[in-house]
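Undergrad: This is a predicted model, with the sequence first.
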Amino acid sequence: MLYWLTLLSDGGDFFNLFRYITFRAGGAFLTALVFGFLFGKPLIAVLRKRQGKGQPIRDDGPESHFVKAGTPTMGGLLIVGALLTSTLLWARLDNPFIWIVLFVTMSFAAIGFMDDYAKVSKQTTAGVPGRVRLLLGFLIAAVAAYWAAQHHPEALYNRLALPVFKDTLINLGYLFVPFAIIVIVGAANAVNLTDGLDGLAIMPVMIAAGTLGVIAYAVGRVDFTEYLDVHYVPGTGEILIFTAGIFGGGLGFLWYNAPPAAVFMGDTGSLALGGALGAIAVSTKHEIVLAIVGGLFVVEAMSVIIQVLYFKRTGKRVFLMAPIHHHYEKKGWAESTIVIRFWIISLILAMIGLATLKVR
C-alpha cells in the first residue's frame, strides 16, 4: 500500500525510496517484528483465558512433554497477523504473486485454526479429521497452482525447472497443477509435523523463507537472472517483502515461543507457514530447491511415512517414535540440543540451496 507514495515523488526525494523492493522489505520486517512484540503478551493472555487447559498433550508422547500441559496454542495468529499487516502495508497490491501467497497462507491458517479450535474446545488431540484437512488443502493448492501458472512466462508455463541442469525444462503439461498441489500441501503438512518442540519449527521456517525470498528477488530481476543463469519470472521480486514479514513475525513469535514456551504455534501457524513456503516455491519455479532448503521438513515427514508403512508391514518400528525429533528425545537428547542442532542443519541446507543459483 505504501508503494503508492511514489506518486508523490519527483524522482529524488524520500518518497522515491518506496520504489525499491529492498527498502520496503526492510519496512515489512520491522513492521512484523514490532507487531509481534506489541501484540504477543495481550494475545497470549486472551488465549490462556479462552482456552483454559490449553493444548491437549498426547498420552503416548515423550514424558517430558507432560509439564507443558496448560500452555495455550494458536500462537500462529500472532505470526499470521504480523505477516498480513506488513505485507498489505509494504507490498505492491497490484502484484499477482503477492495475492497468491497470501491466499494460500490465510486459507491454510483458517484450516489450522479450525483444527486447533476443535482440539482445545473438546480437549482432544484429534481435531479436524485428516481427510477433511487434506481435501481442503488440495482445493486451496489447486486454485493457487493454476493461478500461479497463468502468470508464469510462456517459456515456463506448466514446466518444471531444475536447479543444476538449468537448460533443462520438463514439460509437465496437465500434470503441473497436481505436482504443485503436492508441493504446497506437502510443505504445509511437513512443517506441521516438525512443530513438536519449543522453537523447533519457527526458526527453520524463517531460514527457508529468507532463502526463498532472496531467490524470489533474484529471479524477478532480469539482470540477476542473466548473471546467475536462472529463469526469469517477472514480478516475483515482491515476494521478498512477504518473506521479510515472515522473518519479522517469526522473531516476534519466537520471543514467546523460546523454551519454556509461553505459547505454541499450533496448526494455525504451522499449516499457514508451510503452505506459504510451498506457494513461494511454485511461484518462483523453484520447487526442487524447496526440497533442499526445507530438507529438515522433508526428513521429518519421511520419518513419519517410513514409521507408519514399516509398522503396518512388520509390526515393528524403525524409530523409537516419529516424527524424528521425538526419536532423539526418546534417546535422551535434551530438547534444547535437538532444537539447536536442527537449526544448524537448516542453515546448512539453506546455504546449499542458495549455492544452486550459481551451480551449473
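TA: Now that the structure is in, tell me what you want to look at.
Undergrad: Okay, helices next: where are they in this structure?
TA: For the chain, the helices defined by DSSP state H occupy 21-51, 76-90, 96-122, 130-150, 176-194, 202-219, 222-228, 239-257, 266-284, 287-293, 295-314, 324-330, 335-355.
Undergrad: Return the list of helices and strands in contact with the longest one.
TA: The one in question is helix 21-51. Other elements packing on helix 21-51 under the criterion 3 or more CB pairs under 8 Å, 6 or more residues apart in numbering; DSSP states H and E are helix 76-90, helix 202-219, helix 239-257. Backbone N, C-alpha and C define where each C-beta goes, glycine included.
Undergrad: buried ones in the shortest one?
TA: When you say that, I think you mean helix 76-90. Neighbour-count burial for helix 76-90 flags 76-90 (criterion: 16 or more other CB atoms under 10 Å).
Undergrad: In the stretch 101-250 of the chain, where is pLDDT below threshold?
TA: For the stretch 101-250 of the chain, no stretch has pLDDT under 70.
Undergrad: again, only using 80
TA: Counting by pLDDT under 80, the low-confidence segments of the stretch 101-250 of the chain come to 122-127, 166-167.
Undergrad: nearest to Pro163, of the helices of the chain?
TA: Of all the helices of the chain, it is helix 287-293 that lies closest to Pro163, at 5.1 Å by CB to CB.
Undergrad: what packs against the closest one?
TA: Judged by 3+ CB pairs under 8 Å, 6+ apart, helix 287-293 is in contact with strand 159-161, helix 176-194, helix 202-219, helix 266-284, helix 335-355.
Undergrad: related to what we said a few turns ago, so which of the helices and strands packed on helix 21-51 gets nearest Ala355?
TA: Here helix 202-219 is closest among the helices and strands packed on helix 21-51 (CB to CB), at 10.6 Å.
Undergrad: How far off centre is the closest one?
TA: With CA atoms, centre = their mean, to the nearest Å as the basis, helix 202-219 stands 9 Å off its chain's centre.
Undergrad: what does stretch 306-323 give?
TA: Distance, stretch centre to chain centre, for stretch 306-323: 27 Å (CA atoms, centre = their mean).
Undergrad: buried sites along it?
TA: 307, 319, 321-323.
Undergrad: now do the same end-to-end measure for that stretch.
TA: Start and end residues of stretch 306-323 are separated by 10 Å (CA to CA, to the nearest Å).
Undergrad: from what I can see Gly70 touches Val120, true?
TA: No: counting by CB atoms under 8 Å, Gly70 stays clear of Val120, with 11.2 Å between them.
Undergrad: Looking at these two, which is more packed in?
TA: The neighbour count for Gly70 versus Val120, taken as other CB atoms under 10 Å, is higher for Val120 (21 against 12).
Undergrad: Leaving out sequence neighbours, find the closest residue to that one.
TA: Leaving aside its sequence neighbours, Val120 sits nearest to Gln51 (CB to CB, 6 or more residues apart in numbering; 4.7 Å).
Undergrad: and the gap between the one you found and Ala126?
TA: Separation of Gln51 from Ala126 (CB to CB, to the nearest Å) stands at 16 Å.
Undergrad: So between these two, which is more surrounded?
TA: Between Gln51 and Ala126, counting by other CB under 10 Å, Gln51 is the more crowded of the two (20 against 11).
Undergrad: quick one, what contacts the more buried one?
TA: Neighbour list for Gln51: 72-74, 120 [criterion: CB atoms under 8 Å, 6 or more residues apart in numbering].
Undergrad: wouldn't Leu136 be in contact with Ala109 here?
TA: No: using CB under 8 Å, Leu136 is not in contact with Ala109; the gap is 11.9 Å.
Undergrad: re the thing from before, among the helices and strands packed on helix 287-293, which is nearest Ala148?
TA: Evaluated over those, closeness to Ala148 peaks at helix 266-284, with 5.0 Å, by CB to CB.
Undergrad: That closest one vs helix 96-122, what angle?
TA: Relative orientation of helix 266-284 and helix 96-122, computed by axes from the mean of the first three to the mean of the last three CA atoms, to 10 degrees: 160 degrees.
Undergrad: How far away from the center of its chain is helix 266-284?
TA: Remark: helix 266-284 is offset 4 Å from the chain centroid, using CA atoms, centre = their mean.
Undergrad: hey, which of the helices and strands packed on helix 287-293 is tucked in deepest?
TA: Mean neighbours per residue, mean count of other CB atoms under 10 Å, is largest over the helices and strands packed on helix 287-293 for helix 266-284, with a mean of 31.
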